[in-house]
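Engineer: With the sequence up front, the predicted model follows.
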Amino acid sequence: MSDASITVLLVDDHSLVRRGFRRLLEEDPEIRVVGEASDGHEAVQEACRLRPAVVVMDFALPSMNGAVATRHILKACPATAVLVLSMHSDASYVRTCLEAGAKGYLLKNAMDLELVQAVKRVAANECVLDPRLGSIAEQPAGQPALTTRELEVLQLIVNGRSNKEIATVLGLSANTVAVHRANIMQTLAIHNTAELVVYAIRQGLVSIA
């Protein structure tokens, strides 16, 4: 195996999917899969440990969606390129991932998934968008920006967690969580939790898998 090979971390919560992608990628002598992760938190940990050239990231992950995980990874490993795979073709999902810093976005259900070429292109610092997405990258953003921590809180709100439960999961005080919740609602101009949950799902801000 060449020292110049492109190192890849595979992130998907289904082991069979990871196995299939690994087999596909490792057929190319220029690519080397160095690790796997099954959720967003594990993805961040493994990316920081392995420092791969590319992270192939599912969007719909348990505990932390691919966009939030991408933000954490790029903060710690700015040289790593993230390629997001998603079942969602909605512009809002694509923008959420690109705004998080992802270099590419491919539709996961594509029969002709050009994963190998996409990995090589993002490793070369190119931006890769599934051709069926059109010119989404050039469209104006349709939502105000939330911080990484606010996206984490939002995910847990959508999961039905109380402020106290969110505080325990994220290692914060309940008061801090309440402030984050208020800031999220103010930023998005939403005034109750039910509306917030619907908006977050429709705009692709959270994972619902």
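Structural biologist: That came through fine. This one's a predicted model, so the numbers in the text were calculated from it and none came from an experiment.
Engineer: in this protein, which residue is closest to the centre?
Structural biologist: Central residue of the chain (Cα atoms, centre = their mean): Gly66, 1.7 Å from the mean position.
Engineer: And the pLDDT for that one?
Structural biologist: Gly66 is assigned a pLDDT of 91 by the prediction.
Engineer: Not counting sequence-adjacent ones, nearest residue to it?
Structural biologist: Phe59 (4.0 Å; Cβ to Cβ, 6 or more residues apart in numbering). Where C-beta positions appear, they are placed from N, C-alpha and C, glycine not excepted.
Engineer: so the one you found sits right up against Asn65, yeah?
Structural biologist: Yes: using Cβ atoms under 8 Å, Phe59 is in contact with Asn65, at 6.1 Å.
Engineer: Which one of those two is surrounded by more residues?
Structural biologist: For Phe59 versus Asn65, neighbours defined as other Cβ atoms under 10 Å are more numerous around Asn65 (31 against 27).
Engineer: Tell me the gap between stretch 41-55 and the middle of its chain.
Structural biologist: In terms of Cα atoms, centre = their mean, to the nearest Å, the centre of stretch 41-55 is set 13 Å apart from its chain centre.
Engineer: buried stuff in it?
Structural biologist: 41-47, 50, 52-55 (16 or more other Cβ atoms under 10 Å).
Engineer: could these be laid out in a markdown table, adding pLDDT and secondary structure?
Structural biologist: Converted to a markdown table, the buried residues of stretch 41-55 look like this (pLDDT from 0 to 100; DSSP: H, G, I helix; E, B strand; the rest coil):
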| residue | pLDDT | secondary structure |
| --- | --- | --- |
| His41 | 91 | helix |
| Glu42 | 95 | helix |
| Ala43 | 96 | helix |
| Val44 | 95 | helix |
| Gln45 | 96 | helix |
| Glu46 | 97 | helix |
| Ala47 | 97 | helix |
| Leu50 | 96 | helix |
| Pro52 | 97 | coil |
| Ala53 | 97 | coil |
| Val54 | 98 | strand |
| Val55 | 98 | strand |
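Engineer: Out of these, which is nearest to Val179?
Structural biologist: Closest to Val179 out of the buried residues of stretch 41-55 is His41 (23.0 Å), distances taken as Cβ to Cβ.
Engineer: Test my guess that the closest one contacts Asn65.
Structural biologist: No: with contacts defined as Cβ under 8 Å, His41 does not count as touching Asn65, sitting 11.3 Å away.
Engineer: continuing past the least confident helix or strand in the chain by mean pLDDT, what's the next helix or strand?
Structural biologist: Using mean pLDDT, DSSP states H and E, helix 91-100 stands out as the lowest-scoring helix or strand of the chain, at a mean of 84. The element immediately downstream of helix 91-100 (helix or strand, assigned by DSSP states H and E) is strand 104-107.
Engineer: Okay, now the sheet partners of that following strand, with direction.
Structural biologist: strand 81-86 (parallel), strand 128-129 (parallel) (DSSP bridges).
Engineer: List of residues touching the shortest one?
Structural biologist: Same thing as strand 128-129. Strand 128-129 is contacted from outside by 83, 94, 103-106, 118, 121-122, 136-137, using Cβ atoms under 8 Å, 6 or more residues apart in numbering.
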